[in-house]
Every structure is written in C-alpha cells, then in structure tokens.
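Colleague: kindly return the folded structure for what I paste below:
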Amino acid sequence: MSRIVVALGGNALGNSPKEQLEIVKTTAKSLVDLVEMGNEVVITHGNGPQVGMIFNAMANVDPTTTEDDMPFAECGAMSQGYIGYHLQQAMEAEFKSRNMRRRVVTVVSQVEVDPEDPGFSNPTKPIGEFYSEDMAKKLAKESGFIYKEDAGRGYRRVVASPKPKKICELATIKKLIEEHNIVVTCGGGGIPVIADGEGGYSGVDAVIDKDRTSALLASKIEADILLILTAIDQVKINFRQENEKSLDEITIDEAKHYIENGEFAAGSMLPKVEACIDYLEHSNKGKAIITSLEKARDALNGKTGTTIIKGGE
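Modeller: This is a model prediction of the structure:
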C-alpha cells in the first residue's frame, strides 16, 4: 500500500457548479480506482474558476464599490467547502456502487505564509472580473487594491502568490488519515494566513500555488507518491516542435536542467515540475508523477506519465 497525495487540476472540476457536479462523477471513478488498488489517498485540488466566481458574485452586490466586498480569504474558504462537498458526494456514491465502505471528509484548511514573502511586493495573480481602465483606477483609489491590465481584455485586481510555509490543520489531517478516511484538503493551495503574534492567524489576500502546497503536504505526511494530475499524459520538452519528446522518467538534476533551458511554461508545467522537486528534496523517500486524470492508474503501474525521482536510485 502506498500513501499518495493526489493534486487535481482544474480539468477535474469544471468551471461552474452545474458542470462540476457532472465532471466530478468521472473524477471520482479515477480516484476510487486508486483506493481500490489498495492505496491510501489524500486529495488536493485547484479552485481558480470557483473562487473567482464566488469573488465576482460577492463583488456584484454593488460593482461600483469595494467597501462591502467579501474578503478574498473567505472566498477561498467557501470554495474549499463546496468543492469538497461535491467530491465527497461523488466519491461516496462511487464507493457504494462498488460495494466498498469508505468515508470521505473535507478539511477546510489554512496555510501560513510569510508576510515578508517577495510575492507580496509584486502581486501577479489576477482574480475577479474585468473592468475598464477608468473603473479600475476608481476602485484602486477607493480600496488600495492593485489592478493590472490582463491580456488586452481589461483590468483585473491582482493579488500575491506567496510560498506555503505551514499547514495549520496538519495534525488533524494526519489523524483522519490514520483512521482510514479519504481526506480532501488544502483546496486552492489553502486559505492564506499570517501569524498574528498572539497565537492566532489572520487571512490575507493571496493565492498559494496548489501544487506547491500539495508538495508540502506530501512531505509532511510522509507520502510515498506525489501524483499531480493535469490535462496531458506526460511532460514534454521541445513542446510543439518537430523534435518534441515525452519524458518517461527523469531525475531532479535533469528536471532542473530542463527548467534552466526554459522547457516548461511558467503558467502551466513549470510550477508542477518545481513542486515535484520541492517534495523530493524534502522527503526521505518517494517519487513524483505528473500525468492526466484518466491515466492515473496506468501511471502508478508505470505504463505512462512522467516520473521524477531523486536520482541514483
């Protein structure tokens, strides 16, 4: 039996509540396959479309002002709750159809970040809806938020993307795993919080990369495998060129070499490969695999996917 942290990509969830309800039925089949193989599975997930939808809905109560907007950390918490709810329903239904008795539980989780993280001095993560330049300037003056032009489509608020430092509910997560629950946690990279100096935490406007948090979680619970699921079956170099090549197994050093050569796009594959490296460098065992949701079982059996190992193994 292997302990596996499965990081679900956005393609496993959809872009709206209605779409998500249908897509998670297929997602649940792949996840339950992994459990049926005898593995101990912990699930993380993205929340980009979902948290943006929640943030927009709250802002649209009065789109001309930011005074009563729901804080972004609270929007992240809401997204964790409803995505977990959908995954719980879908997985428990799939377990029942296979006559398997397993419990799925969602932990709404906070992740501590460093208030001095350089990400806070250069916010880059766009959230919420698009505005005209004039409206963006008005809202920026009123709220103090930062708005930037986004790919010629208008102006959007941007927030920081700091690195995860500590998973606040880690002890609870470990206990639930030990009691043989399938745990859904650290959704969207976790709710970003900073220590308030009095033993508590305060939410901050930020988005933590979910693959980096997944790597941190995998190392802290001593997972055997970090399985990052995305839209493609294998990582590629020379992408979309005549000499394109799929990678079967590479070492940390080889992965770093490819990063230095600019093989992986910053907005897609790069953070996934970097997360795999983070996990392996902070783990005494294990391997990291990047593949598609549909090929997850085959990847664990060595039939596809890109496996990253420490090297010398």
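
Colleague: so where's the stretch 201-313 of the chain shaky on pLDDT?
Modeller: For the stretch 201-313 of the chain, the stretches flagged by pLDDT under 70 are 312-313.

Colleague: how about a cut-off of 80?
Modeller: Within the stretch 201-313 of the chain, the stretches with pLDDT under 80 are 267, 285, 312-313.

Colleague: would you map the strands across it?
Modeller: Here the stretch 201-313 of the chain has its strands, by DSSP state E, counting those that start in this stretch, at 201-203, 225-230, 236-237, 245-246, 249-251, 287-292, 306-309.

Colleague: which strands and helices sit next to the fourth one?
Modeller: Read that as strand 245-246. Helices and strands touching strand 245-246, by 3 or more C-beta pairs under 8 Å, 6 or more residues apart in numbering; DSSP states H and E, are strand 236-237. Any C-beta I mention is one placed from the backbone N, CA and C, and that applies to glycine too.

Colleague: so in that sheet, which strands flank the strand it packs on, and in what orientation?
Modeller: If you go by DSSP bridges, strand 236-237 pairs up with strand 245-246 (antiparallel).

Colleague: what mean pLDDT does stretch 45-60 get?
Modeller: Mean pLDDT, computed over stretch 45-60, is 84.

Colleague: what are the buried residues along that stretch?
Modeller: Applying a neighbour-count criterion of 16 or more other C-beta atoms under 10 Å, one finds 45-55, 58-59 buried in stretch 45-60.

Colleague: residues touching it, excluding its own?
Modeller: Residues outside stretch 45-60 that contact it (C-beta atoms under 8 Å, 6 or more residues apart in numbering): 7-10, 12-16, 20, 66, 69-70, 72, 75-76, 78-80, 82-83, 87, 127-129, 184, 187-189, 207, 210.

Colleague: could you pull out the helices in the stretch 1-150 of the chain for me?
Modeller: For the stretch 1-150 of the chain, the helices defined by DSSP state H, counting those that start in this stretch cover 17-36, 48-59, 72-97, 133-143.

Colleague: in the stretch 151-300 of the chain, which spans are helices?
Modeller: Here the stretch 151-300 of the chain has its helices, by DSSP H, counting those that start in this stretch, at 170-178, 210-220, 252-260, 269-281, 296-300.

Colleague: can you name the farthest residue from the center of this structure?
Modeller: Centroid-distance maximum for the chain: Asp134 at 33.4 Å, with C-alpha atoms, centre = their mean.

Colleague: for Glu179, find the nearest of the strands of the stretch 201-313 of the chain.
Modeller: strand 225-230 (20.8 Å; C-beta to C-beta).

Colleague: perfect, I'm done here.
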